[in-house]
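>>> only geometry, no sequence info:
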DNA sequence: ATGCGATGGTTCC
DNA sequence: TGGAACCCCTCGCA
């Protein structure tokens, strides 16, 4: 029952709590040789019901085999561990068995009487699965391992017949890829691709460089979840971050303690941050408050290029929010899209609206991502809630004039052209699939590959986005956080996955025993071997092991350093500096949870996970 | 220790 | 088409 409290409705929770309490009391009662003298109200009621006349309220208690484990050696989760073969019949049998065993001891038949008394109170002691509400099994964490509800489709690949634990696509080396039927179209576009584009892609794939060593972090920098990250284009070591509350943070991780938070630029979710190559002293941001800001990094003074709420608030249904944004450097345009399927052009120089709105997605649906092609500035890629990623020629924008419509059958969180040739496309959708199109010059009807990867939508989390590694010349490496947890020596951790999109192979899973939160926001530095991660309200910087060790020597610091920003929480006023002490860091996070996991799993403690046990 | 809240997409009516 | 109910691995604060 470790996780039962968080989600259910209040009434349901109380019911469950009540059941637990009763099970516990009954357990105590049975383990004792005789009836305790101090029974609580409910047990007293039961006793009264046993002995009493017809007037008393009747208590019906149904038990379950599982709650009998104090009297038999049965194991709670053996059935569920077996995967999807858990049938109705088995469950019924189990229940019958239970009533045979348990009812004689705890079930009270209603007294046979003709008097009309109060209606019987029926209390069930059966296990109730919080996922399917069925009885006889439970879903949830057992230690650091999550046990699925056997009656639901696989949480990972969404197919029925097995649980996540036995999913053939379970993220692991050599698993997780579903190659789409390969087409050999042989069109003239294929010829153009082979001739003009492919020579730019090296045939020999270089070894991937994975920044897998946690270098430094800033704990609780933001007051709400981090939603986006962007490296400063010229100042190495500076990263900007946006959060759900509208704050924009600037952090110089090379100096560790230099950080600034601008709190008054936006009043709602910062969805995208971008730099213009013409002026690296200002930064553009799109927000759910309906504005696009251009902010001076030194002063924090914003100028609003677009304000869709300038006419005031007209209710939630008409609230325009700006999501996808990108900058077309060549044309000097900021492209931004809203939650009604419309695209706007903003001129960087004149700082005014230069075009739009153009309806480019289904009316009334959110456009979540925009990306300009790095090679062909006229090409635009958009994606959104209407289940499509679409490719456009921005010179001919009309509804229905898209060059390609890539159907995903579900919400598409992000879509990116490949960073060097712009000829590949990588999309992330909420059906736990990463899709790759190898060439925009060939048949685009079906993706070249679908990679099954856990990144479910959860409204508490920033949507996951798979992003290309901008330094990978072969345009095959992508990074994305993982939603589903894995049991690492007794601690449930959510890795950051590096995936080779040409094979679907998991190249690396980056973890740190102290970071138990999910990391949906990840950004790879365009030049340096640095990975930045936004995990809940904190930021982390990862480097390859050698780099981290080198820095350690040069700066005389320990391998991991953290500072603590407190968001907008009331604090002592000064930031607490917490360098060189990861155990203390652990205590800020979910140390207690890690401890619990470690205990229940026997804790095969790793050399790193001292905080875990 | 534990309840609670923030809150988006989908499905059902 | 619109509104309401529902929802599986959150997270941290009160």
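Thanks, I have it. Fair warning: this is a prediction, and the values are worked out from it, not measured in the lab.
>>> up against DNA strand C, what does the stretch 151-300 of chain A have?
A:152-155, A:164, A:220 (Cβ under 7 Å from any atom of the strand). Just so you know, the C-beta spots here come from the backbone N, C-alpha and C atoms, and that holds for glycine as well.
>>> farthest-apart pair in those residues, please.
A:153 and A:220 (36.3 Å; Cβ to Cβ).
>>> counting neighbours, what do you get for the closest residue to DNA strand C within the stretch 51-200 of chain A?
Closest residue of the stretch 51-200 of chain A to DNA strand C, Cβ to the nearest atom of the strand: residue A:152 (3.0 Å). Counted with other Cβ atoms under 10 Å, residues neighbouring residue A:152 total 17.
>>> same question for residue A:232.
Neighbours of residue A:232 (other Cβ under 10 Å): 18.
>>> that one against residue A:281, yeah?
No. Assessed by Cβ atoms under 8 Å, residue A:232 is found out of contact with residue A:281, at 10.1 Å.
>>> spit out the residues that contact those two alike.
By Cβ atoms under 8 Å, 6 or more residues apart in numbering, residue A:232 and residue A:281 have no common neighbours.
>>> right, is stretch A:425-443 up against DNA strand B?
Yes. For stretch A:425-443, a contact with DNA strand B is found by Cβ under 7 Å from any atom of the strand, at residue A:430.
>>> get me the contact residues on chain A for DNA strand C.
A:3, A:6-7, A:9, A:130-131, A:133, A:139, A:141, A:146, A:148-149, A:152-155, A:164, A:220, A:317, A:458-461, A:483-485, A:492, A:494, A:516-518, A:535-538, A:569, A:589-590.
>>> how about the helices in chain A?
Ranges of helices within chain A are A:10-31, A:41-51, A:78-81, A:88-106, A:188-192, A:545-555, A:582-588, A:591-600, based on DSSP state H.
>>> distance to residue A:400 added to the residues of the stretch 151-300 of chain A next to DNA strand C, as CSV?
Below are those laid out as CSV (distance: Cβ to Cβ, whole Å):
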residue, distance to residue A:400
A:152, 38
A:153, 35
A:154, 37
A:155, 37
A:164, 40
A:220, 47
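>>> most surrounded residue in those?
residue A:154 (23 neighbours).
>>> number of nearby residues for the nearest residue in space to that one that is not next to it in sequence?
Leaving out its chain neighbours, the residue that sits closest to residue A:154 by Cβ to Cβ, 6 or more residues apart in numbering is residue A:167, at 4.8 Å. Residue A:167 has 24 neighbours, counted by other Cβ under 10 Å.
>>> relative to DNA strand B, how far out is residue A:167?
20 Å (Cβ to the nearest atom of the strand, to the nearest Å).
>>> how far away is the nearest residue to residue A:332 once chain neighbours are set aside from residue A:322?
Spatial nearest neighbour of residue A:332, excluding adjacent residues (Cβ to Cβ, 6+ apart): residue A:348 at 4.5 Å. Separation of residue A:348 from residue A:322 (Cβ to Cβ, to the nearest Å) stands at 16 Å.
>>> the two: which is more packed in?
residue A:322 (29 against 21).
>>> pretty sure that one contacts residue A:285?
No. At 9.2 Å, residue A:322 and residue A:285 do not qualify as touching, with contact defined as Cβ under 8 Å.
>>> any chance you could map the strands in the stretch 451-600 of chain A?
For the stretch 451-600 of chain A, the strands defined by DSSP state E, counting those that start in this stretch cover A:467-468, A:477-481, A:486-488, A:491-493, A:496-500, A:505-510, A:521-524, A:531-535, A:538-543, A:561-564, A:577-579.
>>> contact partners for the closest residue to residue A:481 other than its chain neighbours?
Distances taken as Cβ to Cβ, 6+ apart put residue A:519 closest to residue A:481, at 4.1 Å, once the chain neighbours are dropped. Counting by Cβ under 8 Å, 6+ apart, residue A:519 makes contact with A:481, A:494, A:496, A:533-535, A:540.
>>> in stretch A:521-541, what counts as buried?
A:521-525, A:529-541 (16 or more other Cβ atoms under 10 Å).
>>> typo on my end, it should be stretch A:277-293
A:282-293.
>>> you'd agree residue A:454 is up against residue A:482?
Yes. Proximity of residue A:454 to residue A:482 meets the contact threshold set by Cβ under 8 Å, at 5.4 Å.
>>> near DNA strand B, which residues of the stretch 351-500 of chain A are found?
Residues of the stretch 351-500 of chain A lying near DNA strand B (Cβ under 7 Å from any atom of the strand): A:366, A:368, A:385, A:387, A:410-411, A:430, A:457, A:459-460.
>>> now with 6 Å?
Within the stretch 351-500 of chain A, the positions adjacent to DNA strand B are A:366, A:385, A:410-411, A:457, A:459-460 by Cβ under 6 Å from any atom of the strand.
>>> can you go through those residues and name the buried ones?
Buried subset of those (neighbour count, 16+ other Cβ under 10 Å): A:366, A:385, A:411.
>>> against residue A:388, how distant is the nearest residue to residue A:420 once chain neighbours are set aside?
Nearest non-adjacent residue to residue A:420, counting by Cβ to Cβ, 6+ apart: residue A:475, 5.8 Å away. From residue A:475 across to residue A:388, the span is 23 Å (Cβ to Cβ).
>>> any idea how far residue A:239 is from DNA strand C?
From residue A:239 to DNA strand C the distance is 19 Å (Cβ to the nearest atom of the strand).
>>> pretty sure that residue contacts residue A:231?
Yes. If you go by Cβ under 8 Å, residue A:239 and residue A:231 touch, sitting 5.4 Å apart.
>>> quick one: residues contacting the residue nearest to residue A:332.
With Cβ under 8 Å, 6+ apart, residue A:348 has these contacts: A:276, A:278, A:327, A:332-334.
>>> out of those residues, who's the most crowded?
residue A:334 leads these on contacts (other Cβ under 10 Å) with 25 neighbours.
>>> and that one, what pLDDT?
Each residue has a pLDDT score; the one for residue A:334 is 96.
>>> buried stuff in stretch A:246-264?
A:246-254, A:256, A:259, A:261-263.
>>> next step: the residues you listed restricted to strands.
A:248-252, A:259, A:261-262 (DSSP state E).
>>> so who does the residue nearest to residue A:155 when sequence neighbours are not counted touch?
Among residues not flanking residue A:155 along the chain, residue A:164 sits closest, at 4.5 Å (Cβ to Cβ, 6+ apart). Contacts for residue A:164 (Cβ under 8 Å, 6+ apart) come out as A:146, A:148, A:154-156, A:170, A:484.
>>> how about TSV for those residues, with pLDDT added?
TSV is the format used below for the contacts of residue A:164 (pLDDT from 0 to 100):
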residue	pLDDT
A:146	87
A:148	86
A:154	88
A:155	88
A:156	89
A:170	76
A:484	91
